[in-house]
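[1] Build me a structure from this.
(one chain, ligands or ions: 1)
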Amino acid sequence: MTDMGHIVIKNLRKEYIDRRHKRRSKDEPNECIGDCVLVLDNINLEFCEGEMVTILGPSGCGKSTLLRIIAGFDKPTAGSVVINGETLTGPSSDHIFVFQHNALLPWMTVQENVALGLRGMEDKEMMKEQIQEHIELVELEGFENHYPYQLSGGMQRRAELARALAVNPDTLFMDEPFTGLDFLAHMKMREEVVNMHEYFEKTILVVTHDIDDALIMGDRIVVLSGRPAHVKLSEKLDFPRPRSFVKNTELSKLRDEVYLMLGVNYAV
Ligand SMILES: Nc1ncnc2c1ncn2[C@@H]1O[C@H](COP(=O)(O)OP(=O)(O)OP(=O)(O)O)[C@@H](O)[C@H]1O
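    Reported below is the predicted structural model:
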């Protein structure tokens with residue numbers, strides 16, 4: 001493994017201390033000697049610049065923990081995350097999360113929420129243009145002055161995406177981005193994220209429970225095992241887009257394998 005990839009994760013380990021039964025070694029105060037929860041164990045991964053990586057794994061295995069560590073919001077117990085050759089030490093403004101739920105500030109309009117990503121801009125005319133451009137990109141024109149409660153779940157999610165993209169981050173982190181959307185809104189939003197990715201060519205890391213989303217969206221799929229999570233699969237997905245399980249038998253075969261890997265015998 002080299003350091004040339006955009007994101008390189010080396011020998012990553014994460015333990016949480018169960019605070020109800022916290023015990024420490026007298027000699028090594030930073031060493032947890034009991035009641036630790038080992039969440040991630042010896043994770044080695046490499047993601048290329050501009051890759052959309054989808055991360056799957058059983059519930060509670062540590063997917064969000066892995067994402068938080070790569071984003072610099074949480075520290076690993078051991079190992080490192082190297083981004084563009086530099087070891088990560090904390091969160092950076094080059095990254096941004098699209099939060100799981102309700103990331104929009106409810107007292108601000110769509111326009112004001114998207115503007116949050118551009119606060120530092122001095123040229124106010126250009127800022128206005130960029131806000132509008134991103135609102136149009138996610139097809140929310142006409143809703144600029146609406147508050148989040150006046151939008152459907154899908155529209156809220158699109159506004160979150162516009163806000164995240166307005167920041168122009170190198171890497172976008174999405175933790176279960178389609179949770180709570182109905183089937184059609186889910187499909188449409190998924191298509192939008194794929195189109196957005198082709199257009200902006202950002203590195204996007206998506207944590208999901210949905211095997212089909214992972215295979216339809218990803219340039220690479222990562223499957224983690226149950227806790228403590230280790231990497232079961234990290235595979236490049238070289239399938240043409242738009243992807244179809246019906247039309248592409250190789251993709252359909254891989255889908256069966258991933259279902260099996262996650263303990264489901266028959267993919268439906
Ligand atoms: N701050 C914390 N302190 C202690 N334990 C934690 C903390 N955050 C997460 N955990 C534990 O780490 C494990 C992994 O949690 P995480 O949220 O990363 O899993 P996940 O795979 O994203 O779960 P899900 O698929 O259910 O969203 C869980 O057992 C959880 O209880």
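[2] switch to C-alpha atoms for all contacts and neighbour counts from now on
    Noted.
[3] Could you tell me which residues of this structure lie near the ligand?
    Residues of the chain lying near the ligand by CA under 6 Å from any ligand atom: 16, 39, 59-65.
[4] how does it look with 5 Å?
    The chain comes close to the ligand at residues 16, 59-65, as judged by CA under 5 Å from any ligand atom.
[5] Now which of the residues you listed would you call buried?
    61-65 (16 or more other CA atoms under 10 Å).
[6] Residue 127: how many residues sit nearby?
    17 (other CA atoms under 10 Å).
[7] circling back: now the buried ones among the residues of the chain next to the ligand as JSON lines including pLDDT and secondary structure?
    Conversion of those to JSON lines gives the following (pLDDT from 0 to 100; DSSP: H, G, I helix; E, B strand; the rest coil):
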{"residue": "61", "pLDDT": "93", "secondary structure": "coil"}
{"residue": "62", "pLDDT": "94", "secondary structure": "coil"}
{"residue": "63", "pLDDT": "94", "secondary structure": "helix"}
{"residue": "64", "pLDDT": "92", "secondary structure": "helix"}
{"residue": "65", "pLDDT": "94", "secondary structure": "helix"}
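[8] any idea which helix or strand carries the closest residue to residue 214 other than its chain neighbours?
    Once flanking residues are discounted, residue 214 sits nearest to residue 54: 5.1 Å by CA to CA, 6 or more residues apart in numbering. Using DSSP states H and E, residue 54 sits within strand 52-56.
[9] Confirm that residue 177 sits in a helix.
    No. Counting by DSSP: H, G, I helix; E, B strand; the rest coil, residue 177 is not part of a helix but coil.
[10] And the buried ones among the residues of the chain next to the ligand, which is closest to residue 103?
    Relative to residue 103, the closest of these is residue 64; by CA to CA it sits at 16.1 Å.
[11] and of the buried ones among the residues of the chain next to the ligand, the nearest to residue 178?
    Using CA to CA, these come closest to residue 178 at residue 64, 14.8 Å.
[12] which residues touch that closest one?
    175, 207 (CA atoms under 8 Å, 6 or more residues apart in numbering).
[13] 10 Å instead, please
    55, 70, 174-176, 206-208 (CA atoms under 10 Å, 6 or more residues apart in numbering).
[14] For the residue of the stretch 101-250 of the chain found nearest the ligand, what is the enclosing helix or strand?
    Distance from the ligand to each residue of the stretch 101-250 of the chain (CA to the nearest ligand atom) is smallest for residue 209, at 6.6 Å. Residue 209 belongs to no helix or strand when assigned by DSSP H and E.
[15] Could you find the closest non-adjacent residue to it?
    residue 56 (5.9 Å).
[16] where does that neighbour sit relative to residue 208, distance-wise?
    Distance, residue 56 to residue 208, using CA to CA, to the nearest Å: 6 Å.
[17] any common contacting residues for the two?
    What both residue 56 and residue 208 touch, as defined by CA under 10 Å, 6+ apart, is the set 63, 214.
[18] Count the residues that sit near residue 78.
    Counted with other CA under 10 Å, residue 78 comes out at 14.
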